[in-house]
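> Give me a model of this one.
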Amino acid sequence: MSENSQQSNGDLWVFAYGSLMWRPGFDILERRKARLVGAHRALCVYSFVHRGTPEKPGLVLGLDRGGNCRGIAYRVAPEKRTATIDYLREREQVTMVYLEAWRRVWLDDDPRQNVQALCYVVDRGHQQYAGRLSLAEQLHFCRQGHGRSGACRDYVLATVTELETLGVRDAGLHQLAAQLKGAHET
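The predicted model follows:
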């Protein structure tokens, strides 16, 4: 990961679009609604550790190219920067399916304000990159997936709940969540 001097000094910003939104796991100074342009949230990563196994993969979110993504930007104190990045690498880079990247994100409270934030973007060349799956395929993997961090179903439902809290509607995830809720309640 390369950082310019502005990113190396001062506060660290982290962009969250999946489980980091509802379970960051690190100390924060500030939590702001944010938007990243140039990538979108997609259920495009086979999970072999956190929400599935190699034998029974689940699915997790990745930032995939194109579009934009609404999420959360966390501001971390300078003295917590190294520990936070180390934590994120341990959590997000278990199988190296994500590329660590610095991207500009716009903070919703002031559309003129933007920051450089650490993001985890899916590596399309990685064996765990699922690409665009049909709803039926997503349902299959989300129903079967269970890993170190729990059931894939719970991951999807918690993410949708957090998106609703932010006032964000992701049509594909909401449709999947409705199917997962229906299947669970019958």
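> can you list the weak-confidence ranges in this protein?
By pLDDT under 70, the weakly predicted segments of the chain are 1-9, 109, 183-186.
> Apply 50 and report the result again.
For the chain, residues meeting the criterion pLDDT under 50 lie at 1-6, 185-186.
> Could you pull out the strands in it for me?
Using DSSP state E, the strands of the chain run over residues 12-16, 30-47, 58-76, 98-107, 114-122, 146-147, 150-151.
> any idea how far Met96 is from Leu36?
Met96 sits 21 Å away from Leu36, going by CB to CB, to the nearest Å. Where you see a C-beta, it was placed from the backbone N, CA and C, and this is true even at glycine.
> do the same with Gln113
Taken as CB to CB, the span from Gln113 to Leu36 is 14 Å.
> count of residues packed around Gly18?
For Gly18, the neighbour count with other CB atoms under 10 Å is 24.
> what's the nearest residue to it if we skip its chain neighbours?
Leu61 (3.8 Å; CB to CB, 6 or more residues apart in numbering).
> what's the neighbour count on the one you found?
25.
> ok so, going back, please say which of Met96 and Leu36 ends up with more neighbours.
Using other CB under 10 Å, the more surrounded residue of Met96 and Leu36 is Leu36, with 23 against 12.
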